[in-house]
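Undergrad: Structure for this input, please:
(2 chains)
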Amino acid sequence: MATLNRRDVVAKLLADRGEDLLVVTGLGQCAYDCFAAGDDPRTFYLWGAMGGAVPMGMGMAVAQPDKRVLVVTGDGELLMGLGALAAAATEHLPNFAVAVIDNERYGETGQQKTATARGSDIAGIAAAAGFATTKLVTAQADVAEGVRLCREGAGPVLVTFKVDPASQAMAIPPKDGAYLKTRFRQAVVGKI
Amino acid sequence: MSEWRDDIFDCLQEAGVRQVAYVPDAGHARLIERCHEANTMRALSLTTEEDGVALLAGAWLGGDKGVLLMQSSGVGNTINMLSLVKNCQFPLVTLVTMRGEWGEWNTWQVPMGQTTQEHFEVAGVICYRCDKAEDVKETVATALRFAYYTNSAVAVLLGQRLIGAKIFAED
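TA: So this is what the prediction gives:
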């Protein structure tokens, strides 16, 4: 049984991020986790667009090859767009990483089990799709290495962190999409 | 080969498009090849059209202009992802080759082809239509300018009469 705490894992993923880490979050708890770790204009929170986090990160990684792009998303969000893993893998984006915060549940809709609760292995799927670096992290002792791969491993990287499915305290990021877009562009591109 | 496809490529170059996301399509085949060969842009092959909507939003956040190439049969796949474009006021330009209309022979293309514009408009995408080769350059150039200047979503529907049903004879 997974014992990792999602807030702790995400806080470590985003620690000391500086200006060179760009983040896209999947909808739901991953957005809350990233906000709880500290808001930043270089974090784009999705509140919908389920399945869109990975392709959104891809476009960002192509546009900003000198920065690290990290998608922080859940197993349910990613499972809706598995084809994007094939696209991301075969574009060979060296600055692109995906952290899957895998609670094996659809947390926003009543904790129904996802496919990962019943045997599907997202890191394994990513490896088979052609990701350069993949890892499954289930133990606290391996979290640091999983975080390191997400932050600086040879991309494309996908690391699955198996976390406790228990819900966390609410932490609500901004949900005005135009605001999120504008502040991100101002911080990263220097214009609206 | 048809000159209007080269006109589209020229428009993309002139507009400074850096990312061309596409789901493979016979009507766009030559344009896709040209985009892959160009060193000023990157062509990205996707498995489904909604990924292109999200990818171009990410590209814009990173400072890149992009376009999405698809066939009308893929328009239905984009509907929920277009909420991202609407909520955030992302510019979006998509160039859609039409099926299921003039000269179509595959019954299965008809339901989506006949409702493409309706679906787009309900989802907040402005549609420009092209049925003549001489209109393509101006229409695509206008769509690009309009979308990027006004943070709007614009689709250019390239009619099957323009593309020619013959190209699909071995579909």
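Undergrad: List the contacts of the most centrally placed residue in chain A.
TA: Nearest to the geometric centre of chain A sits A:V72, at 1.3 Å (Cα atoms, centre = their mean). A:V72 makes contact with A:V10, A:L13, A:L14, A:V23, A:V24, A:T25, A:G26, A:C30, A:D33, A:C34, A:A99, A:I101 under the criterion Cβ atoms under 8 Å, 6 or more residues apart in numbering or on different chains. (Each C-beta comes from the backbone N, C-alpha and C, glycine too.)
Undergrad: Tell me which two of these sit farthest apart.
TA: Maximum pairwise distance in those, criterion Cβ to Cβ, is 14.4 Å, between A:L14 and A:G26.
Undergrad: Looking at the two, which one has more neighbours?
TA: Per other Cβ atoms under 10 Å in any protein chain shown, whichever of A:L14 and A:G26 has more neighbours is A:G26, with 31 against 23.
Undergrad: now the more buried one, nearest residue through space, not along the chain?
TA: Counting by Cβ to Cβ, 6 or more residues apart in numbering or on different chains, A:G26 lies nearest to A:T73, which is 3.0 Å off, once chain neighbours are set aside.
Undergrad: That neighbour is in contact with A:T25, isn't it?
TA: Yes: A:T73 is within contact range of A:T25, at 6.7 Å (criterion: Cβ atoms under 8 Å).
Undergrad: okay, and the common contacts of the two?
TA: A:A53.
Undergrad: Look at stretch B:59-75 and report the distance between its end residues.
TA: This stretch, stretch B:59-75, spans 20 Å end to end (Cα to Cα, to the nearest Å).
Undergrad: Write out the residues of chain B neighbouring chain A.
TA: Proximity of chain B to chain A is confined to B:18-19, B:21, B:42, B:44-48, B:50-64, B:66, B:80-81, B:83-84, B:87-90 under the rule Cβ under 8 Å from any Cβ of the partner chain.
Undergrad: Around A:A141, count how many other residues there are.
TA: 8.
Undergrad: Next, work out how far apart it and A:T182 are.
TA: 41 Å (Cβ to Cβ, to the nearest Å).
Undergrad: Figure out how far stretch A:78-86 is from the centre of its chain.
TA: Put simply, stretch A:78-86 sits 13 Å off its chain's centre (Cα atoms, centre = their mean, to the nearest Å).
Undergrad: for A:I122, what are its contacts?
TA: Listed by Cβ under 8 Å, 6+ apart, the contact set of A:I122 reads A:D75, A:L78, A:L79, A:V100, A:D102, A:T116, A:L158, A:T160.
Undergrad: Which of those residues has the largest number of neighbours?
TA: Ranking those using other Cβ under 10 Å puts A:L158 first, with 32 neighbours.
Undergrad: Just list whatever residues bridge to it.
TA: A:L158 forms beta bridges with A:V98, A:T134, as assigned by DSSP bridges.
Undergrad: Tell me which residue of chain B lies closest to chain A.
TA: Going by Cβ to the nearest Cβ, chain A is nearest to B:G62 of chain B, at 2.7 Å.
Undergrad: and that residue, how many neighbours does it have?
TA: The local packing of B:G62 (other Cβ under 10 Å) involves 25 other residues.
Undergrad: can you check B:A147 too?
TA: 23.
Undergrad: For it, what are phi and psi?
TA: phi -60, psi -50 (degrees, to the nearest 10).
Undergrad: show me the contacts for it.
TA: B:P91, B:L92, B:V93, B:A153, B:V154.
Undergrad: go with 6 Å
TA: B:P91, B:V93, B:V154 (Cβ atoms under 6 Å, 6 or more residues apart in numbering or on different chains).
Undergrad: ok, now A:P156?
TA: Each residue near A:P156 by Cβ under 6 Å, 6+ apart is listed here: A:A88, A:A89, A:L93, A:F96, A:F131, A:A132.
Undergrad: just to revisit the earlier point, would you mind checking which of the contacts of A:V72 is nearest to A:Y45?
TA: The shortest approach to A:Y45 among the contacts of A:V72 belongs to A:T25, at 5.1 Å (Cβ to Cβ).
Undergrad: Phi first, then psi, for that closest one.
TA: phi -110, psi 140.
Undergrad: cool, and B:A155?
TA: With angles defined as degrees, to the nearest 10, B:A155 sits at phi -110, psi 130.
Undergrad: coming back round to it: the contacts of A:P156 in helices, which ones?
TA: Using DSSP state H, the members of those that fall in helices are A:A88, A:A89.
Undergrad: export the contacts of A:P156 to JSON lines and tack on distance to B:F146, pLDDT and neighbour count?
TA: Converted to JSON lines, the contacts of A:P156 look like this (distance: Cβ to Cβ, whole Å; pLDDT from 0 to 100; neighbours: other Cβ atoms under 10 Å in any protein chain shown):
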{"residue": "A:A88", "distance to B:F146": "30", "pLDDT": "97", "neighbour count": "29"}
{"residue": "A:A89", "distance to B:F146": "35", "pLDDT": "97", "neighbour count": "22"}
{"residue": "A:L93", "distance to B:F146": "30", "pLDDT": "97", "neighbour count": "22"}
{"residue": "A:F96", "distance to B:F146": "31", "pLDDT": "98", "neighbour count": "26"}
{"residue": "A:F131", "distance to B:F146": "38", "pLDDT": "98", "neighbour count": "25"}
{"residue": "A:A132", "distance to B:F146": "39", "pLDDT": "98", "neighbour count": "17"}
